[in-house]
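Novice: Dropping the sequence and predicted coords here.
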Amino acid sequence: YEGCYTDSVERVLTGLWTQASDLTAEKCAAICTKYKYYILEYYKHCFCGNSLEGHTNEVLERYCNSKCGCSSKMCGGSMHLSLYSKKI
């Protein structure tokens, strides 16, 4: 987990994306297996990509305040991203 970041209109990750009401960090990671980064936003959005695009800044964790669909963990917030990275 890299932290909570701001989103932008241009989107921070421009690869694959999906949404699901039962989204979790683990499900998003499984969807993004071929990508270096994955993001959860506003409890149901999952974005994947290999590089960060657009303008983003790390912010306080309190801005990533949307609970994941089936979890007590946080999945970003409104225009705020829970950013994860992994080795591919």
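Specialist: Nice, thanks for sending it over.
Novice: hey, let's count contacts and neighbours off CA atoms from now on
Specialist: Noted.
Novice: Of all residues in this structure, which one is nearest the centre?
Specialist: The residue lying closest to the centre of the chain (C-alpha atoms, centre = their mean) is I39, at 1.7 Å.
Novice: show me the contacts for that residue.
Specialist: Residues in contact with I39, defined by C-alpha atoms under 8 Å, 6 or more residues apart in numbering, are 13, 28, 45-48, 76, 81-84.
Novice: Same check on H80?
Specialist: H80 makes contacts with 4-7, 41-42, 63-64, as judged by C-alpha under 8 Å, 6+ apart.
Novice: One more pass at 6 Å, please.
Specialist: Applying C-alpha atoms under 6 Å, 6 or more residues apart in numbering, we find H80 in contact with 5-7, 64.
Novice: mind checking the backbone torsions on it?
Specialist: As for H80, its main-chain torsions (degrees, to the nearest 10) stand at phi -130, psi 140.
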